[in-house]
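**Student:** Pasting the sequence and the predicted coordinates here, then a few questions.
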Amino acid sequence: MATKPYRSKAKINVAKIRAQAEKAQPQPTDEERKKSDEVEMMARADRVLGLYLSGSRRSEIVQYGSNLWHVTERQVDDYIARAKEIIKAEFSKDHDENLAEHIAFRRKLRKMAESDKDWRAALASAQDEAKLLDLYPVEKHQVSVEEKTLIAVDR
């Protein structure tokens, strides 16, 4: 004689269990959702910035964004606009801050070159730093074109 499988007499309401599970998990607030979206948008804009700076054309960036993120051309254009804003913000630093950054970089290169005993690179870095600081006298070049004299000042 075959035995019957055991069946519970209690009825299981799957929809009710799912509803209880959803209530148990906290749902993100609108503010948290906005922050998450903003973080994602900035990450995408940063990726687009990398593509833009590496020389990718707009059409390539649009195709990349459309394929990867499944967004419209207009949305990719928004990411491109954000990437350009990042570039503008980076280059809008004041002159003294940019100069200090470049001088610090040349000094770091010179130290690295000196520790490697690469005297040419060390000298080139020192010369470049001196040019940035306007330590060399201004060079003048005279060129005559059809009996007119032009003076070019080289910095």
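**Tutor:** Yes, it's here.
**Student:** Name the next helix or strand downstream of the helix ranked longest in the chain, please.
**Tutor:** Longest helix in the chain, counting residues (DSSP state H): helix 30-53. Remark: after helix 30-53, the chain's next helix or strand is helix 58-69, criterion DSSP states H and E.
**Student:** Flag the shaky bits of the protein, pLDDT-wise.
**Tutor:** Low-confidence segments of the chain (pLDDT under 70): 1-36, 141-155.
**Student:** Just the strands from it, written as ranges.
**Tutor:** Remark: strands assigned in the chain by DSSP state E are 139-145, 148-154.
**Student:** follow-up on the earlier one: using PDB, list the CA coordinates for the longest helix of the chain.
**Tutor:** Output of helix 30-53 as PDB, limited to C-alpha atoms (Å, rounded to 0.1, in the frame of the first residue of the first chain):
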ATOM      1  CA  ASP A  30      13.000  59.900  -1.400                       C
ATOM      2  CA  GLU A  31      16.100  61.800  -0.200                       C
ATOM      3  CA  GLU A  32      18.200  58.600   0.000                       C
ATOM      4  CA  ARG A  33      17.000  57.700  -3.500                       C
ATOM      5  CA  LYS A  34      18.000  61.100  -4.800                       C
ATOM      6  CA  LYS A  35      21.400  60.800  -3.200                       C
ATOM      7  CA  SER A  36      21.900  57.400  -4.800                       C
ATOM      8  CA  ASP A  37      20.800  58.700  -8.200                       C
ATOM      9  CA  GLU A  38      23.200  61.700  -7.800                       C
ATOM     10  CA  VAL A  39      26.100  59.400  -6.900                       C
ATOM     11  CA  GLU A  40      25.300  57.200 -10.000                       C
ATOM     12  CA  MET A  41      25.100  60.300 -12.200                       C
ATOM     13  CA  MET A  42      28.400  61.600 -11.000                       C
ATOM     14  CA  ALA A  43      30.000  58.200 -11.500                       C
ATOM     15  CA  ARG A  44      28.700  58.100 -15.100                       C
ATOM     16  CA  ALA A  45      29.800  61.700 -15.700                       C
ATOM     17  CA  ASP A  46      33.200  60.800 -14.400                       C
ATOM     18  CA  ARG A  47      33.400  57.800 -16.800                       C
ATOM     19  CA  VAL A  48      32.300  60.100 -19.700                       C
ATOM     20  CA  LEU A  49      35.000  62.500 -18.700                       C
ATOM     21  CA  GLY A  50      37.600  59.800 -19.000                       C
ATOM     22  CA  LEU A  51      36.300  58.900 -22.500                       C
ATOM     23  CA  TYR A  52      36.200  62.600 -23.500                       C
ATOM     24  CA  LEU A  53      39.700  63.300 -22.300                       C
END
